[in-house]
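> sequence first, then the predicted structure:
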Amino acid sequence: MNNAAQTTVLHAEQVVKTYQEGRNRLQVLSGVDLKVEQGDILAIIGASGSGKSTLLNLLGGLDQPSQGTVHIAGQPLTCLKDRQIGRLRNRYLGFVYQFHHLLPEFTALENVAMPLLIRGEKPALCQARAAAMLERVGLGPRVKHKPSALSGGERQRVAIARALVTEPALVMADEPTGNLDERTAAQVQDLMLDLNATLKTAFLIVTHDQEFAGRCPQQYELHEGLLRRRV
């Protein structure tokens, strides 16, 4: 999204998630509210098992809340069919995970171009945009390398490029540096902060890294099913 005016990319209201395990009812989220504006960068921290990944899946339309609503670009996900949600994700959202999930048989260029091909763009345009984004994340010379020929940090840069190639309004990152050594993690964090500043793409980052979270202007903590802004 390249609108000059600030717009609300994501809005969650009173999101509840409950699981039924036999006779036991487990409530993971207990009424979460969150708003992400264009260009924001937010970090969500919380103890292991606090529901951070569950929340990210709900916000990204990968799962449905038990109660509450999630809006992406003003559209309520609960009113949409799976195929419509998929199109909405492809248009407005990008995803980065702790493990890169790159397709091993394809090159870095082909992996990054994949979301554009799924969208139905012309192959030549897909490759050109993928190459430009790989250049942007510092991997211009590595476009023809397959994941097995890349370092852990390079694979994660490819994953970030893949998330950004569709020019999403928001990138959701689930422990994006959790599988990297300290030096490489710092480089990937620097990259994400720089891309947020220069591209004005919003980032919503789930992390256990307190230092990384501290570099984000907005910080939230998920505790006992509730999301609270840290001051």
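Looks like it came in fine. Note that the structure is predicted; figures quoted are calculated from it, not measured. Residues are numbered from 1 along each chain as shown.

> for the residue nearest the centre of the chain, give the beta-bridge partners.
Closest residue to the average C-alpha location of the chain: residue 172 at 1.5 Å, with C-alpha atoms, centre = their mean. Under the criterion DSSP bridges, residue 172 forms beta bridges with residue 95, residue 204.

> pretty sure it contacts residue 202?
No: under the criterion of C-beta atoms under 8 Å, residue 172 makes no contact with residue 202, lying 9.4 Å away. Any C-beta I mention is one placed from the backbone N, CA and C, and that applies to glycine too.

> quick one on the thing from earlier: do you know how far the residue nearest to the centre of the chain is from residue 132?
Noted for residue 172: a distance of 22 Å to residue 132, by C-beta to C-beta, to the nearest Å.

> also residue 104?
In this view, residue 104 and residue 132 are 24 Å apart by C-beta to C-beta.

> more neighbours: the two, which one.
residue 132 (13 against 8; other C-beta atoms under 10 Å).

> ok, the more buried one to residue 188 distance?
Separation of residue 132 from residue 188 (C-beta to C-beta): 20 Å.

> and residue 165, what pLDDT?
In this model, residue 165 is scored at 92, pLDDT.

> so what's it closest to, chain neighbours aside?
Nearest residue to residue 165, sequence neighbours excluded (C-beta to C-beta, 6 or more residues apart in numbering): residue 133, at 4.7 Å.

> how about the secondary structure of the one you found?
Secondary structure, DSSP: H, G, I helix; E, B strand; the rest coil: residue 133 is helix.

> was I right to think it contacts residue 112?
Yes: if you go by C-beta under 8 Å, residue 133 and residue 112 touch, sitting 5.9 Å apart.

> find residues that contact each of these two.
The contact sets of residue 133 and residue 112 overlap at 161, 165 (C-beta atoms under 8 Å, 6 or more residues apart in numbering).

> these two - which one has more neighbours?
Comparing residue 133 with residue 112 by other C-beta under 10 Å, the one with more neighbours is residue 112, at 30 against 24.

> go ahead and confirm the more buried one touches residue 160.
No: assessed by C-beta under 8 Å, residue 112 is found out of contact with residue 160, at 9.5 Å.

> residues contacting residue 107?
Contacts of residue 107 (C-beta under 8 Å, 6+ apart): 143-146.

> so among the residues you listed, which ones count as buried?
Buried residues within the contacts of residue 107, counting neighbours by 16 or more other C-beta atoms under 10 Å: 143, 145.

> helices or strands up against whichever helix in the chain runs longest?
Selection of the longest helix in the chain by residue count, based on DSSP state H, yields helix 182-199. Using 3 or more C-beta pairs under 8 Å, 6 or more residues apart in numbering; DSSP states H and E as the contact test, the elements touching helix 182-199 are helix 152-164, strand 202-206.

> now do the last one: which elements does it pack against?
Helices and strands touching strand 202-206, as assessed by 3+ C-beta pairs under 8 Å, 6+ apart, comprise strand 8-21, strand 24-37, strand 41-45, helix 52-59, strand 170-174, helix 182-199.

> ok now the last one, how far from the chain's centre?
With C-alpha atoms, centre = their mean, to the nearest Å as the basis, helix 182-199 stands 14 Å off its chain's centre.
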